[in-house]
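*Asks:* kindly generate the corresponding structure for this input.
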Amino acid sequence: MCRFKGGIVMWLNFLWLPILFIIHDFEEIIFVPMWIKKHTKVLEKKNRPLFGGITNSAVFSVGVVEEFILLVVISLYGMIHPGGALYFGAGIAYVIHLFLHLIFCIQYHSYVPGVVTAFLQIPVMVYLLHEVYASLDCSLPHIVLISCICCVLILGNVLCLHQFMHQLTKKAFL
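*Replies:* Numbers count the residues shown, from 1 in each chain. Presented below is the predicted three-dimensional model:
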């Protein structure tokens, strides 16, 4: 069983993940539709285009809201219950997500929406995760297991969201 050794300051740090996420996703919401339109020819050749090929900001925002709610729930859970391995795992998944933006930027040889905030947030998240990790009283295998499970579940959630957003776009619901 994990026990959280942090005080009130560490407790408040649980709010940073959803805050950083929403700042990062504002960049995506604003620039994804324009970027996809500009890179349509390249994206059409991909089996899984970046951002699910969504060109509608309203549809993209639906996915952002769902992910934001998920991160708020994880953060609140981390604040209420002793432990923090779940929050740490979600933070690891988020850092991987941020690094993917850097990789996509290199792959496409151009700006990719989200890369600016990813570049700025990676050091902040590494520091935050270091602080959370230092406050956990869990075995390393437990932390690694929870982090892997979080990464798989969040990846699955994103893939489902992209499918759902694609369906919304086709139906012109939003």
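
*Asks:* Ile146 reaches Ala90, doesn't it?
*Replies:* No - counting by Cβ atoms under 8 Å, Ile146 does not reach Ala90; the two are 9.4 Å apart. C-beta here means a position set from N, CA and C on the backbone, and glycine is covered the same way.

*Asks:* compare neighbour counts for these two and give me the winner.
*Replies:* Neighbours per residue (other Cβ atoms under 10 Å) separate Ile146 from Ala90, with Ala90 holding more: 26 against 22.

*Asks:* by contact count, what packs against the host helix or strand of the more buried one?
*Replies:* Counting by DSSP states H and E, the element that carries Ala90 is helix 85-108. If you count contacts as 3 or more Cβ pairs under 8 Å, 6 or more residues apart in numbering; DSSP states H and E, helix 85-108 packs onto helix 16-38, helix 57-80, helix 115-135, helix 140-171.

*Asks:* so for Val95, which of the ones you listed sits nearest?
*Replies:* helix 115-135 (4.9 Å; Cβ to Cβ).

*Asks:* now the helix holding Ala90: buried residues?
*Replies:* Within helix 85-108, the residues that qualify as buried are 85-95, 97-98, 100-101, 104-105, counting by 16 or more other Cβ atoms under 10 Å.

*Asks:* cool, and stretch 59-66?
*Replies:* Result for stretch 59-66 [16+ other Cβ under 10 Å]: buried residues Val59, Phe60, Ser61, Val62, Gly63, Val64, Glu66.

*Asks:* chain center to it: distance?
*Replies:* Mean-position distance between stretch 59-66 and its chain equals 12 Å (Cα atoms, centre = their mean, to the nearest Å).

*Asks:* what's the average pLDDT for it?
*Replies:* Mean pLDDT, stretch 59-66: 85.

*Asks:* CA atoms of that stretch as CSV?
*Replies:* Output of stretch 59-66 as CSV, limited to C-alpha atoms (Å, rounded to 0.1, in the frame of the first residue of the first chain):
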residue,chain,number,x,y,z
VAL,A,59,-15.1,18.7,-32.0
PHE,A,60,-11.5,18.7,-30.8
SER,A,61,-12.6,20.6,-27.7
VAL,A,62,-15.0,17.7,-26.8
GLY,A,63,-12.0,15.4,-26.5
VAL,A,64,-10.0,18.0,-24.5
VAL,A,65,-12.9,18.4,-22.0
GLU,A,66,-13.1,14.6,-21.5
